[in-house]
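J.: quick one, structure for this:
(one chain, ligands or ions: 1)
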Amino acid sequence: MNREEAAALLSRYDQLQLLTYFDELNETEQNSLLAQIESIDWSLLDLLKNRTTTEESRGVLEPLGALEVDEIERRRDEFEAIGAEAIRSGKVGAVLLAGGQGTRLGYDGPKGTFNVGVTRDLYIFECLINNLMDVVNRVGAWVPLYIMTSDKNHEETTSFLKDHSYFGYHADFIHFFKQEMAPSVGYDGKLLLEEKGKLSLSPNGNGGWFSSLMKAGYLEVLKESGVEWLTVFAVDNVLQRINDLAFVGGVIASGCECGGKVVRKAAPDERVGVLCLEDGRPSIVEYYEMTDDMIHLRDEKGNLLYNFGVILNYMFRLDRLEEIQNTSLQIHVVEKKIPYVDENGTIVKPETPNGYKFEALVLDMVHLMNSCCAYEVVREREFAPIKNLHGIDSVDSARELLVKNGVTL
Ligand code: UTP
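T.: All right, here's what the predicted structure looks like:
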């Protein structure tokens, strides 16, 4: 594509601002920008027009019961035996979603490299690997760990983990793969530049993990090595148990195609996505999609019917993931803080959200499964997400919870 062709294409979509600094670029930069313009997925911009309709069209929602803590405790030995057998025989892998940019935290580096320690170094990646090591040590077998990064943080993530000797994890069992990128737009729908010759691209959401894993060639590796299940979890929950035996065994014993860890809601109107049924299939309904009636519905024992919020820790059957690989996931339009080049050519790093990114979400994969085991965990023991520096779901709250769980900071 040459400049004229790019200009014609961009004017069709009213996006000529992308060429504002074209003449200031050297030839390599110009060619790079033209190539980026050529590969823009224009269908994403249509999502801005249809925004309200796509986000609001839900099917018929019904509550979905959970495997609750008291039942899990009663059946712990049974579940742990099943989980141990599955992990020992290499049937369960783990996927760490670490491709996000963690814009709310405002930390300049991959979130996993953030140090939550106070009197000593304790990095987020270290917390997660320590948690997984509990299982490795108990069972006496390494769990293959796949770490998703993005163009924005790949080098830093891989070298950080290497420099820290993978915090004691066996390097042969750690594999990295990169997720894909999508363009970002300002509130006016105009595509943004992050440099004069570079489109603003951001990771395309955590829902792209399986297709990116496949693109990296790992599906065959997984199948050949006998992996039948993959757990998938977020980088920011420092307290979560990963591939713990009871969860793995509980999901397998349930006969479901996937499982999701859930916590009991702290209040009916807590802002969490709730695992339920939608048109008879498992699904996650966001708090703002529920009617007031639904939010307060209770069973005869007085328990909320929509009572269990997801914490981004799932387990999927690999053969089912393969079957749904060609089904496209909904793309969500998400408000974010997006650095951009302004009309004076200055790079601006906004303090508040200034535009939209396009993201597929792992939670939408649950709806493509025929069944899901909602597996209850105790919030104070397994849920300490780090989204912000202070306040709710923050470094402060996570530190407090880590200490309560016996971790020295
Ligand atoms: P969040 O939804 O918290 O997004 O990610 P984020 O980008 O990390 O943070 P904010 O919203 O900008 O503050 C939940 C999990 O999904 C991963 C994150 O790394 C985190 O583990 N994720 C998110 C990806 O792997 N890729 C993405 O494109 C987005």
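
J.: and the next helix or strand past the helix or strand that Gly83 is a member of?
T.: Assigned by DSSP states H and E, Gly83 belongs to helix 76-88. Next helix or strand after helix 76-88 toward the C-terminus (DSSP H and E): strand 92-97.

J.: what residues sit buried inside the helix or strand just after that next one?
T.: Downstream of strand 92-97, the next assigned helix or strand under DSSP H and E is helix 124-139. Neighbour counts using 16 or more other CB atoms under 10 Å place 124-133, 135-136, 139 of helix 124-139 among the buried residues. (Glycine included, C-beta is placed from N, CA and C.)

J.: same for the helix holding Gly83, what does it pack against?
T.: Under the contact definition 3 or more CB pairs under 8 Å, 6 or more residues apart in numbering; DSSP states H and E, helix 76-88 sits against helix 124-139, helix 245-254.

J.: can you verify my assumption that Lys178 contacts Ala216?
T.: Yes - counting by CB atoms under 8 Å, Ala216 is a contact partner of Lys178 at 7.3 Å.

J.: so Gly302, which state does it fall into?
T.: Using DSSP: H, G, I helix; E, B strand; the rest coil, the secondary structure recorded for Gly302 is coil.

J.: how about the one 4 residues further on?
T.: Per three-state DSSP, the local secondary structure of Tyr306 is coil.

J.: for the spatially closest residue to it that is not a sequence neighbour, list each beta-bridge partner.
T.: Distances taken as CB to CB, 6 or more residues apart in numbering place Val274 nearest to Tyr306, at 4.7 Å, with adjacent residues excluded. Note on Val274: beta-bridge partners by DSSP bridges are Val285, Gly309.

J.: repeat for Leu199
T.: Counting by DSSP bridges, the residues bridging with Leu199 are Leu193.

J.: what's the burial count for Gln101?
T.: Counted with other CB atoms under 10 Å, the neighbours of Gln101 add up to 18.

J.: can you check Ala360 too?
T.: A total of 22 residues lie near Ala360 under the criterion other CB under 10 Å.

J.: so it is in contact with Trp209, correct?
T.: No - contact criterion CB under 8 Å: Ala360 and Trp209 do not qualify, at 9.1 Å.

J.: quick one on the thing from earlier: ok, the residue nearest to Tyr306 touching Tyr287?
T.: Yes - between Val274 and Tyr287 there is a contact under CB under 8 Å: 7.4 Å.

J.: looking at these two, which one has more neighbours?
T.: Neighbours of Val274 and Tyr287, each counted by other CB under 10 Å, are more numerous for Val274; the result is 27 against 16.

J.: who's in contact with that one?
T.: Taking CB atoms under 8 Å, 6 or more residues apart in numbering, we find Val274 in contact with Lys265, Ile284, Val285, Tyr287, Met290, Tyr306, Asn307, Phe308, Gly309, Val310.

J.: tell me where the model's unsure across the stretch 51-200 of the chain.
T.: In the predicted model of the stretch 51-200 of the chain, residues 51-56 satisfy pLDDT under 70.

J.: chain neighbours aside, what residue packs nearest to Arg298?
T.: Leu304 (5.8 Å).

J.: please tell me how far the one you found sits from Val118.
T.: 37 Å (CB to CB, to the nearest Å).

J.: can you tell me the closest non-neighbouring residue to Tyr21?
T.: In space, Tyr21 is closest to Lys196, 3.6 Å off (CB to CB, 6+ apart).

J.: which residues does stretch 385-405 contact?
T.: Contacts of stretch 385-405 (CB under 8 Å, 6+ apart): 102, 104-107, 111, 114, 116, 118, 124, 127, 234, 236-239, 311-312, 380-381, 383-384, 409.

J.: and Thr327, what pLDDT?
T.: Thr327 carries a pLDDT score of 89 in this model.

J.: and Leu10, that's in a strand?
T.: No - Leu10: not assigned to a strand; according to three-state DSSP it is helix.

J.: that one against Leu18, yeah?
T.: Yes - if you go by CB under 8 Å, Leu10 and Leu18 touch, sitting 5.8 Å apart.
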